[in-house]
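Chemist: What follows is a predicted structure for the sequence shown.
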Amino acid sequence: MNNDNIKKFLIYLIATCIFYFSYDMLTNLFYYIIYYPLNVDYNWALAHTTQVEAYSLLSLLPIYLCAFVKLSYTKGKLIHSKIKVDRVLACILLVFTVNGISELWFDIANTFLSNVPIFSGSLESFDNAFASLDSESYIWTLIAVIIVGPIVEELLFRGLLIKTMSKILPESFAVIISAILFGIWHGILVQAIYTVIMGLIVGYIYIKTKSIIYPIIIHVGNNFINGFPTSWTTPEFETFLGNFSVFCIIPGLVVLYFVFYKYKEENKETTQPKEGNKTVDVTRNEEDVENKDAEIIILKSFNYHFVT
């Protein structure tokens, strides 16, 4: 790699790290700016973690949104795609698909892994975290867990991280790394397993559509059906929802293939270079060109030859 490519690689690598750690850094900064001067009792904050998280997320949302919009401009154009009804409906089905995957995974974990020390402690931590949501007003759960939380997370992990890593890595690698970081970020092993799978699904949809709306719909929907207060549901309803979600796994993956797999980018640039006396129409996607350059940078650094 020449000096310019090395510089570009390092810049985007550092930017990726900053974005990844920015959530915790900004959340802690928010606490020290708002709560510390007011002498808010630390024990109160621990007892109202969802409320504190809601305030933090509301402060982070405009920051991540502005950064995402800024990175979405390519050559002075905002890269986006039109929202289509069939894809929105597909995302609604995929809400249950993702939930079904988590239901299936937790059934496996509780049945076969509950006696394994690393998983037993993780299952207990997850149950305690879930139970703590009922200890506070549902409005804070609605803000932090169901609405604002998923939007912020998608802007961060699918928007900022994938966009940044795609500058120096193939998009497929960026999706995989983003999904793994998404799982690690949740901090609980048993939860990280299925959040990685969810990250792969929504990340794949994001790179195919170049729209952050679809991942947000899936994420918000998944958290919504899992965020009901226990007083609002019955064991029978939870069993029905779980079974229905598992049933939706295969149909959802089929829809994922047919609705998104052959999706063609709408943001294309058409040029007409001359070939002798003929005019040849060449249609190319601006982001694909950038990502192809990124692939060449990485692969050359390892002295490989990449042939498509």
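Modeler: It's in.
Chemist: care to break the chain down by domain?
Modeler: 3-268, 271-301 (automatic domain parsing).
Chemist: mean pLDDT lowest for which of these?
Modeler: Sorting the domains of the chain by mean pLDDT places domain 271-301 lowest, at a mean of 41.
Chemist: ranking the domains of the chain by burial, who's on top?
Modeler: Comparing those by mean neighbour count (mean count of other C-beta atoms under 10 Å), domain 3-268 ranks first with a mean of 17. All C-beta atoms are positioned from the backbone trio N, CA, C, and that covers glycine.
Chemist: Run the chain-centre distance for it.
Modeler: 4 Å (C-alpha atoms, centre = their mean, to the nearest Å).
Chemist: now what about the strand or helix carrying Trp140, what contacts it?
Modeler: Applying DSSP states H and E as the criterion places Trp140 in helix 138-141. Contacts to helix 138-141, defined as C-beta atoms under 8 Å, 6 or more residues apart in numbering, come from residues His48, Thr50, Gln51, Glu53, Ala54, Leu133, Gly227, Pro229.
Chemist: Regarding the third one, what is its secondary structure?
Modeler: So the one you mean is Gln51. Following DSSP: H, G, I helix; E, B strand; the rest coil, Gln51 is assigned to helix.
Chemist: Could you pull up the contacting residues of it?
Modeler: Taking C-beta under 8 Å, 6+ apart, we find Gln51 in contact with Glu136, Ser137, Trp140, Ala144.
Chemist: try 10 Å
Modeler: Trp44, Ala45, Glu136, Ser137, Ile139, Trp140, Thr141, Ile143, Ala144 (C-beta atoms under 10 Å, 6 or more residues apart in numbering).
Chemist: if I look at the first one, how far off is Gly187?
Modeler: Relative to Gly187, Trp44 is positioned 22 Å away (C-beta to C-beta, to the nearest Å).
Chemist: Same question for the third one.
Modeler: Computed with C-beta to C-beta, the distance linking Glu136 and Gly187 is 20 Å.
Chemist: same question, the last one
Modeler: Using C-beta to C-beta, we find Ala144 at a distance of 16 Å from Gly187.
Chemist: Just the closest of the contacts of Gln51 to Phe112, please.
Modeler: Closest approach to Phe112 among these (C-beta to C-beta): Thr141, at 30.5 Å.
Chemist: Skip the chain neighbours and tell me the closest residue to the closest one.
Modeler: Leu133 (5.1 Å; C-beta to C-beta, 6 or more residues apart in numbering).
Chemist: swap in Ile176?
Modeler: Leu200 (7.0 Å).
Chemist: does the one you found count as helix, strand or coil?
Modeler: Applying three-state DSSP: Leu200 is helix.
Chemist: The stretch 51-200 of the chain: helices as residue ranges?
Modeler: Assigned by DSSP state H, counting those that start in this stretch, the stretch 51-200 of the chain shows helices spanning 85-112, 117-131, 138-141, 148-154, 162-165, 171-186, 189-209.
Chemist: Throw those helices into a markdown table and include distance to Val259, thanks.
Modeler: Converted to a markdown table, the helices of the stretch 51-200 of the chain look like this (distance: least, C-beta to C-beta, whole Å):
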| stretch | distance to Val259 |
| --- | --- |
| helix 85-112 | 4 |
| helix 117-131 | 31 |
| helix 138-141 | 31 |
| helix 148-154 | 19 |
| helix 162-165 | 20 |
| helix 171-186 | 17 |
| helix 189-209 | 9 |
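Chemist: got a list of what the nearest residue to Ile184 once chain neighbours are set aside touches?
Modeler: Once flanking residues are discounted, Ile184 sits nearest to Ala192: 6.2 Å by C-beta to C-beta, 6+ apart. Contact analysis of Ala192 by C-beta under 10 Å, 6+ apart lists Ser122, Phe126, Ile180, Phe182, Gly183, Ile184, Trp185, His186, Gly199.
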